[in-house]
Each structure stands twice: as structure tokens, then as C-alpha cells.
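coordinates only, sequence not included:
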């Protein structure tokens, strides 16, 4: 079984992935952040490094999904391949931070990959306001995220909402992290567990 957690920067994807993996006994696959050779450079000069960064993520997540489908284990994945193609790359293109020829090259590569991949059995989307995202980003204190602009976060959020409103590839669970504080409130995490059980097993 393949469960995937989607959401904007600072929405709590990595935290929830770890908590659910521990609770259900799933294997967790995390986003390549610490060993990403482009991320810090990207935040310093988005226009120069946008294409490199997006191709790195696309490659990394394609490999993850291929491995997930090979294994017989239940796996929960931190961020999906869809977010790269439907949110981050088009947002960079729209902001003038990725040239059209690079964006078209990237999109063509993504469309080819999609012919070989199955969607996750359940997609969990963490919905968050920009103020919630900023608070979470400040709390974790990653140096390279200190320069993220508010307009960048907002435009990403708008694209997330548009993507989720049209998502039909499989089962979808929306968790509003503005009100459901699963990391801080045990009862809220219990609520998330109940929601996941309902989607996967029909248990209430």
C-alpha cells in the first residue's frame, strides 16, 4: 500500500509522515532535503537553479515511487511527484524564474514518467494558511528557508488549492492543519488516525 502526504512548505508533511509511520508500522520515505545539492543555491538564486532543482526532485520522487511499487511493504511518502509538476515548476515558470524552454522540457519529462506510475492508494493533503506556514517555518529554523518570500508561499498555496480541487487520481483526505494540531495535541492526532482508517479501511 502506498500512502502519500502532500502540502506546502511548512505544512507539517515530514512530521505527520513520521507519526503515521510509527503508529501504523509503515515504512517512511522522506523528501531529499539534507542531501539535495541544489536547495540552498536555489533559495539564493531561484532563476539560475530552478530547473536543476526541479529535475533533481522529479528524479528522486520517480525513483521512490518505482521502489514503492516493487516492495510488498506499506509505505508512506513525504511529498508527491505531482506537487513538483503541478505546483512548484509551473509556479516558478509563472514568476519568470524558469524559462519557457526549461519548463516545457520539464513538463515533457513528467508526462513521460506518468505513463509508468500508479497514483498513491491514499493522498493526504495538509491544508494550511500562509500565516500557519510562516509560523511552522520559523519554528524549525532552517537557514536556507529564512529568505522565502511571502508572495512565493501564497502563490504556492493558491496552486495547491487548485490542484487538490481537481485531484481525481485516487482517494483523497484533507487535513486542515490550521485547526488540527496533530503534533501538539494528542487528541488531534487521534482524529487524523480515525480519518485515515476511515479512508483506507472504512472504519469509523
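Great, that's in hand. Worth saying up front: this structure is predicted, and the values here are computed from it rather than measured.

top helix in this protein by residue count?
helix 46-70 (DSSP state H).

which helices and strands sit right next to that helix?
strand 2-7, strand 27-29, helix 39-44, strand 75-78, helix 81-83, helix 89-94, helix 100-114 (3 or more C-beta pairs under 8 Å, 6 or more residues apart in numbering; DSSP states H and E). C-beta coordinates here come from the backbone N, C-alpha and C atoms, glycine included.

what about 6 Å?
helix 39-44, helix 100-114 (3 or more C-beta pairs under 6 Å, 6 or more residues apart in numbering; DSSP states H and E).

The nearest residue to residue 65 once chain neighbours are set aside: neighbour count?
Excluding its sequence neighbours, the residue lying closest to residue 65 (C-beta to C-beta, 6 or more residues apart in numbering) is residue 117, at 5.3 Å. Applying other C-beta atoms under 10 Å, we find 16 other residues in the vicinity of residue 117.

Could you do residue 138 as well?
Residues near residue 138, counting by other C-beta under 10 Å: 12.

C-terminal to the strand or helix carrying residue 164, what's the next element?
Using DSSP states H and E, residue 164 sits in helix 150-165. Sequence-wise, the next helix or strand downstream of helix 150-165 (DSSP H and E) is strand 171-176.

Buried residues, the next helix or strand after that following strand. List them.
Going down the chain from strand 171-176, the next helix or strand is helix 186-201, by DSSP H and E. Residues 188-189, 192, 195-196, 199-200 are the ones in helix 186-201 that count as buried (16 or more other C-beta atoms under 10 Å).

Output the residues you listed as TSV; include the columns pLDDT.
Formatted as TSV, the buried residues of helix 186-201 follow (pLDDT from 0 to 100):
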residue	pLDDT
188	96
189	97
192	97
195	96
196	96
199	94
200	93
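
related to what we said a few turns ago, tell me the average confidence for the longest helix of the chain?
Mean pLDDT, helix 46-70: 91.

buried set for it?
Neighbour-count burial for helix 46-70, counted by 16+ other C-beta under 10 Å, picks out 46, 49-51, 53-58, 60-62, 64-65, 68.

What residues are bridge-paired with the closest residue to residue 64 other than its chain neighbours?
Nearest residue to residue 64 in three dimensions, chain neighbours excluded: residue 29, at 5.3 Å (C-beta to C-beta, 6+ apart). For residue 29, the beta-bridge assignment (DSSP bridges) gives partners residue 77.

Residue 2 too?
residue 75.

ok, now how distant is it from residue 98?
Distance, residue 2 to residue 98, by C-beta to C-beta, to the nearest Å: 29 Å.

ditto for residue 28
For residue 28, the distance to residue 98 - C-beta to C-beta - is 30 Å.

Looking at these two, which one has more neighbours?
More neighbours surround residue 98 than the other of residue 28 and residue 98, with 25 against 17 (other C-beta under 10 Å).

a strand runs through that one, doesn't it?
No. According to DSSP: H, G, I helix; E, B strand; the rest coil, residue 98 belongs to no strand; its state is coil.

Might you report the residue contacts of it?
50-51, 92 (C-beta atoms under 6 Å, 6 or more residues apart in numbering).
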